[in-house]
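K.L.:
Coordinates only, no sequence provided:
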């Protein structure tokens, strides 16, 4: 059973977490990009630092529950169990004040030296950390246009942080735009466990030209992830006649705010070509099982800071097709040959066709996979944690 802050006694806290110095605070407990990246780093920090870290989720969710089971109740806390969608808009200011009170109460009992606030929208964690005189770092995963701050209140508190950690060059530029001192900004890319269960595709599994093309797309699906462009690209590929069959696997849950998005998009493409098969797989528990059967991954979001799905595909040596205006994708891949200039399904489909339908396809793929294997070494979880340690040493 999940134990929320209201259920946690001072006695339990003092026994289980006394002496912990670093607090990671996630803005959400649901399985999404930034919270997943945070929990991966937390796992590495716990492995390296033992008794020095713990994790707080602002809201209950599937990821928060899984982390409590993995790391134990003395390490993981949830501030609020109520679904934020069910809170009346007029009550949001009151809700945020209550969240702030609960965070301050928890921090006063733990007495952290360092607070890592995950996401620019996690203002309550920043304020609570400053309130108890902890040293605060903001771990930013957003690019311009992803957060709404008409009164610039978030910007004010973000500038109060000791450091701003951007996951990509574009995010670091955004922190400067918000008024943060450039000397306080650090670039730290996401990392994956390259020594774990990540393996590249075997060459004998790669499709021959005109065979079955297996596409994949993975996200927490909201309108800005542009599932419509994913479908448009798959339809264009099926209609091209260059492949006997095209299969599109869509992984990941619907965003809680948009539960009917998949049905709406599929309704728009109800007359898809018979050679196209679309499978909606929902939440993915085993990433390797999802990726190991794919020939290519599609990313079509309106905005991305540093998309984890691109990194996951890169380390498995699966080509990723996307758009040039997504700078975070290019920052991971390091080249633009697979990125379309025009933002539409036809342009993206043409990039896929150019890659797979050519006389030297297998040689081209093998070269790309070797380059991907070399580049993926830049994005190890170990490198990410070492970079974070430098920031933490500057805070300690």
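P.N.:
Here it is on my side, so go on. Note that the coordinates shown come from a computational prediction; the quantities given were computed from them, not determined experimentally.

K.L.:
Could you give me the buried positions within the helix ranked longest in the chain?
P.N.:
In the chain, assigned by DSSP state H, the helix with the most residues is helix 92-110. Residues of helix 92-110 classed as buried under the neighbour-count rule (16 or more other Cβ atoms under 10 Å) are 99, 100, 102, 103, 104, 105, 106, 107, 109, 110. Bear in mind the C-beta positions are built from the backbone N, C-alpha and C, glycine included.

K.L.:
what would these look like in JSON lines with pLDDT and distance to residue 74?
P.N.:
Listed next are those as JSON lines, based on pLDDT from 0 to 100; distance: Cβ to Cβ, whole Å:
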{"residue": "99", "pLDDT": "89", "distance to residue 74": "22"}
{"residue": "100", "pLDDT": "93", "distance to residue 74": "23"}
{"residue": "102", "pLDDT": "94", "distance to residue 74": "18"}
{"residue": "103", "pLDDT": "95", "distance to residue 74": "18"}
{"residue": "104", "pLDDT": "96", "distance to residue 74": "20"}
{"residue": "105", "pLDDT": "95", "distance to residue 74": "17"}
{"residue": "106", "pLDDT": "94", "distance to residue 74": "13"}
{"residue": "107", "pLDDT": "94", "distance to residue 74": "16"}
{"residue": "109", "pLDDT": "89", "distance to residue 74": "12"}
{"residue": "110", "pLDDT": "87", "distance to residue 74": "11"}
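
K.L.:
what's the closest of the residues you listed to residue 143?
P.N.:
Nearest to residue 143 among the buried residues of helix 92-110: residue 99, at 24.9 Å, using Cβ to Cβ.

K.L.:
Contact partners for that closest one?
P.N.:
Shown in contact with residue 99 (Cβ atoms under 8 Å, 6 or more residues apart in numbering): 58, 79, 80, 124.

K.L.:
The first one - that's part of a strand, no?
P.N.:
When you say that, I think you mean residue 58. Yes. Applying DSSP: H, G, I helix; E, B strand; the rest coil, one finds residue 58 inside a strand.

K.L.:
Would you confirm that it contacts residue 29?
P.N.:
Yes. Judged on Cβ atoms under 8 Å, residue 58 makes contact with residue 29 at a distance of 7.2 Å.

K.L.:
joint contacts of the two?
P.N.:
residue 78.

K.L.:
re earlier: wait, which of the contacts of residue 99 is closest to residue 304?
P.N.:
Nearest to residue 304 among these is residue 58, at 22.5 Å by Cβ to Cβ.

K.L.:
pLDDT on stretch 389-396, on average?
P.N.:
Per-residue pLDDT over stretch 389-396 has a mean of 82.

K.L.:
The chain should start at 38 in everything you say after this.
P.N.:
Shifting the count to begin at 38 puts that one at stretch 426-433.

K.L.:
Now find how far off-centre it is within its chain.
P.N.:
Average the C-alpha atoms of stretch 426-433, do the same for its chain, and the two points are 23 Å apart (Cα atoms, centre = their mean, to the nearest Å).

K.L.:
for stretch 282-294, same thing?
P.N.:
Relative to its parent chain, stretch 282-294 has a centroid offset of 16 Å by Cα atoms, centre = their mean.

K.L.:
Repeat that for stretch 189-201.
P.N.:
Computed by Cα atoms, centre = their mean, the chain-centroid distance of stretch 189-201 equals 22 Å.
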